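Undergrad: sequence and predicted structure, then a few things I'm wondering about:
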Amino acid sequence: MALIIEQRFQLGRFHATRWNQNPFEDRHGEWPPSPWRLLRALAARWFQYSRETGDEDATKRDDLLQRLASEVPTFVLPPSTWRGEPAPRQYHKTEVGWTDASAKAAAVRKPKSTLTVDHFRAVAPEEGVLWRWSSLDLTAEQRSLLNALLTRTLYFGRAEAWCTFRVTDDTPVVASCELSATDRTGSPVLVPDPNVPLNIDLLLASTDDAAFKGRQIPPGTQWFYARLPRVPPTKAKPKLPNKRPHPVQLIQFAVGGRVYPPLAQWVRVTERFRGTVLRHATRIVTDGAVQFFSDLWKKGDEKHRAWRDEIKLLSGKDGEGKPLKDHQHSFFGLWPDENGQPTRLIVWRVTPFNPIEVRAILNASDEELSWRFPNRLTSQAEANSRDEWRVRLVPLPTEVAPLPGMIGSRIESTCWESLVPFVPPNRNRFRSGGRLRATETATALLRSGVDEWLKLRGINATINRIEVLNDSVTSAPSQNSDPEATDWVITHETANQRAARLEQRQRRVRPAYRYRITFSKPVHAPICVGHSVHFGLGLFVPQ
């Protein structure tokens, strides 16, 4: 009749260093668990058992341990275990000494410590290690004592290797790991010599006992070697089919974070998400040959031009570097909730996204986004890794309805209001004295921009009225000057624009305005005009 013991590690780790090994030397650790370690653990637990029950008959303990040592067990190991890397390092207290040994100087008593490498074996808590003695027949009294000792064994190896033991039924199991004394190609495991009577005194002796001095292993033990089972190959996660219906014109994400960015910083979030999308798209279209979008422009050969042209609807420039016209490329924007917090990010385009673009956009959402600007000594990557004020994006299912006024929504209205403030495009023509021309005011530029947008979308509607929204006060704008700015926001800028701004020592922020537009008939298409429109500014929604 076979004896089978099941051992489980609740924390998913088995910490143990092989006999007479320094943790710095034994980088593999002990695996499978050592039978010699099991006998020492059971012998130690007997003293607790004796105190609690009053049974001081040590001969019962010795007989049980002799029976367990008379046969080398086999193991059924969990199929998926691995050595924990990198190994954690911990400082352990060794003794209390004086911080200053000089008799003239003041000193305090302080515990000394030593650095210990903590090698461990990762074992799933729900997968147990089975110890099997195939021909060991214990009496009822021995089996009862074994159960009592196993119940009191709460850790195995180091104290943080919590475990549970139990004797299981005699179910037929096939050993996946056997110990051999001749085949020395496997992992060494210390076992009591089955051909030599077990010395109980040596079993109970501490590791620094004089009986072990000058010996590699305790007397009456020997190294056996375990050929560990082959780890089953890890199957790659199957690629799920793209369940998004085609054509895809809108991809939505939920935005979460400890702190949401203020309105002035929204463009930084959309800029960095767009940059992440372009990086992933570059790696996809080049099959990993080019890692970063900026590297696509370092060569002018036909292959690189073709790659640039393949993602032009994401970048806004064709293979030759010419900007696309008529707002063909993708729009990235943050959408605020009723409290003004940017809880949703949208990516949309009139031309449907192809599968490569969808994949790049979804892959980019796996990375956190920092909305604070790095200092001169910190790169953007370092700022993202250090900054605690980051946001995460979670892709929303396609079943989530588009927001009112967004592409795919059929809500019509003659009245549209600013959801995200409007920033006038670049204005370079001024009258003498610095006054704006009548056609260069924010209101006039908004009117011309909306007219151009409606014409581009094929909407036959005209503007009846434009009103300024400022602190819930609606007023007609002046034709000779800009209205009072409702917000100051950061806008998108190219590398040349940034260099010119830094040279002139100008700030990046620009005034933004909120308007209400009334049309001659209902309009259902998205309306977004002005500066940085492809990064979320100048967005209107129907009322």
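TA: Yep, it's here. Numbering: from 1, shown residues only.
Undergrad: all contacts plus neighbour counts: C-alpha atoms, from now on.
TA: Noted.
Undergrad: poorly predicted segments of the stretch 301-450 of the chain, please.
TA: In the prediction, the stretch 301-450 of the chain carries residues with pLDDT under 70 at positions 372-388, 427-435.
Undergrad: do the same with the chain
TA: In the chain (pLDDT under 70), the answer is 23-25, 27, 85-87, 98-107, 170-172, 233-246, 372-388, 427-435, 471-475, 478-480.
Undergrad: give me the helices and strands touching the longest strand anywhere in it, please.
TA: The strand that spans the most residues within the chain, counting by DSSP state E, is strand 342-353. Applying 3 or more Cα pairs under 8 Å, 6 or more residues apart in numbering; DSSP states H and E, we find strand 342-353 packed against strand 248-257, strand 331-336.
Undergrad: beyond that strand, next helix or strand please.
TA: helix 355-364 (DSSP states H and E).
Undergrad: just the C-alphas of that next one, formatted as CSV.
TA: Provided in CSV are the C-alpha atoms of helix 355-364 (Å, rounded to 0.1, in the frame of the first residue of the first chain):
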residue,chain,number,x,y,z
PRO,A,355,-7.0,46.7,-39.9
ILE,A,356,-3.4,47.9,-39.5
GLU,A,357,-4.5,51.3,-38.2
VAL,A,358,-7.0,49.7,-35.8
ARG,A,359,-4.4,47.4,-34.5
ALA,A,360,-1.9,50.2,-33.9
ILE,A,361,-4.5,52.3,-32.1
LEU,A,362,-5.5,49.5,-29.8
ASN,A,363,-1.9,48.5,-29.1
ALA,A,364,-1.1,52.1,-28.2
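Undergrad: which residues are in contact with it?
TA: Helix 355-364 is contacted from outside by 242, 273, 276-278, 280-281, 284-285, 311, 314, 395, using Cα atoms under 8 Å, 6 or more residues apart in numbering.
Undergrad: repeat that for stretch 297-311.
TA: 278, 281-282, 285-286, 296, 317-320, 357.
Undergrad: tell me where the stretch 401-543 of the chain has helices.
TA: Using DSSP state H, counting those that start in this stretch, the helices found in the stretch 401-543 of the chain span residues 442-456, 495-504.
Undergrad: just the buried residues from the contacts of helix 355-364, in PyMOL please.
TA: To isolate the buried subset of the contacts of helix 355-364 in PyMOL, counting by 16 or more other Cα atoms under 10 Å, use the following:
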select buried, resi 273+276+277+278+280+281+284+285+311+314+395
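Undergrad: inside helices: which ones of the contacts of helix 355-364?
TA: 273, 276-278, 280-281, 284-285, 314 (DSSP state H).
Undergrad: what is the nearest of those residues to Ala476?
TA: Using Cα to Cα, Phe273 is the member of the ones in helices among the contacts of helix 355-364 that lies nearest Ala476, at 37.0 Å.
Undergrad: list the contacts of that closest one.
TA: Counting by Cα under 8 Å, 6+ apart, Phe273 has contacts 364-365, 369.
Undergrad: reformat those residues as JSON lines; add neighbour count and distance to Gly458.
TA: Below are those laid out as JSON lines (neighbours: other Cα atoms under 10 Å; distance: Cα to Cα, whole Å):
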{"residue": "Ala364", "neighbour count": "21", "distance to Gly458": "33"}
{"residue": "Ser365", "neighbour count": "17", "distance to Gly458": "33"}
{"residue": "Leu369", "neighbour count": "25", "distance to Gly458": "36"}
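Undergrad: closest to Val129 among these?
TA: Nearest to Val129 among the contacts of Phe273, with distances taken as Cα to Cα, is Ser365, at 40.1 Å.
Undergrad: can I take it that His92 is in a strand?
TA: Yes - with DSSP: H, G, I helix; E, B strand; the rest coil as the criterion, His92 is part of a strand.
Undergrad: number of residues surrounding it?
TA: By other Cα atoms under 10 Å, the residues close to His92 number 12.
Undergrad: quick one on the thing from earlier: can you say which of the helices and strands packed on strand 342-353 is packed in most?
TA: strand 331-336 (a mean of 23; mean count of other Cα atoms under 10 Å).
Undergrad: contacts for that strand next, please.
TA: By Cα under 8 Å, 6+ apart, strand 331-336 touches 266-267, 270, 274, 342-349, 419, 533-537.
Undergrad: convert it to CSV, retaining C-alpha atoms only.
TA: The C-alpha coordinates for strand 331-336 follow below in CSV (Å, rounded to 0.1, in the frame of the first residue of the first chain):
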residue,chain,number,x,y,z
PHE,A,331,-8.8,63.2,-35.4
PHE,A,332,-7.7,62.6,-31.8
GLY,A,333,-9.7,64.3,-29.0
LEU,A,334,-10.7,64.2,-25.3
TRP,A,335,-14.4,64.3,-24.5
PRO,A,336,-15.4,65.8,-21.2
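Undergrad: returning to that earlier point: redo the ones in helices among the contacts of helix 355-364 as TSV? Include distance to Arg51.
TA: Output for those, formatted as TSV (distance: Cα to Cα, whole Å):
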residue	distance to Arg51
Phe273	66
Thr276	65
Val277	67
Leu278	70
His280	66
Ala281	69
Ile284	68
Val285	72
Leu314	75
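Undergrad: Phe332 pairs with what?
TA: In this structure, Phe332 bridges to Val347 when assessed by DSSP bridges.
Undergrad: relative to Gly321, how far out is it?
TA: 20 Å (Cα to Cα, to the nearest Å).
Undergrad: Arg508 now?
TA: For Arg508 relative to Gly321 (Cα to Cα), the value is 25 Å.
Undergrad: could you do Arg40 as well?
TA: 74 Å.
Undergrad: coming back round to it: out of the contacts of helix 355-364, which comes closest to Arg215?
TA: For these, the nearest to Arg215 is His280 (59.2 Å; Cα to Cα).
Undergrad: now for the ones in helices among the contacts of helix 355-364: which two are most distant?
TA: Top of the distance list for those (Cα to Cα): Phe273 and Val285, 18.4 Å.
Undergrad: can you tell which of the helices of the stretch 401-543 of the chain is closest to Tyr91?
TA: helix 495-504 (50.1 Å).
Undergrad: the closest one - contacts with which helices or strands?
TA: Packed against helix 495-504, as judged by 3+ Cα pairs under 8 Å, 6+ apart, are no other helices or strands.
Undergrad: neighbouring contacts of that helix?
TA: Residues contacting helix 495-504 (Cα under 8 Å, 6+ apart): 507-508.
Undergrad: just give me how far it sits from the chain centre.
TA: 36 Å (Cα atoms, centre = their mean, to the nearest Å).
Undergrad: number of residues surrounding Ala181?
TA: Neighbours of Ala181 using other Cα under 10 Å come to 12.
Undergrad: kindly report the same for Pro477.
TA: 19.
Undergrad: my guess is it meets Thr443, correct?
TA: Yes - contact criterion Cα atoms under 8 Å: Pro477 and Thr443 qualify, at 7.0 Å.
Undergrad: where along the stretch 51-200 of the chain do the strands fall?
TA: 74-76, 82-83, 89-98, 109-117, 120-122, 129-133, 164-167, 179-180, 187-192 (DSSP state E, counting those that start in this stretch).
Undergrad: can you check the stretch 301-450 of the chain too?
TA: 331-336, 342-353, 369-370, 390-395, 413-418.
Undergrad: out of these, which comes closest to Met1?
TA: Per Cα to Cα, nearest to Met1 of the strands of the stretch 301-450 of the chain: strand 390-395, 56.5 Å.
Undergrad: what residues sit buried inside that closest one?
TA: Here strand 390-395 shows 390-393, 395 as buried, counting by 16+ other Cα under 10 Å.
Undergrad: ok, Pro111 - contacts?
TA: Here Pro111 is in contact with 93-97 (criterion: Cα under 8 Å, 6+ apart).
Undergrad: does Val269 fall in a helix, a strand, or a coil region?
TA: Under three-state DSSP, Val269 comes out as helix.
Undergrad: count of residues packed around it?
TA: 23.
Undergrad: tell me, what's touching Pro477 and Thr443 both at once?
TA: Common neighbours of Pro477 and Thr443 (Cα under 8 Å, 6+ apart) are Ile466.
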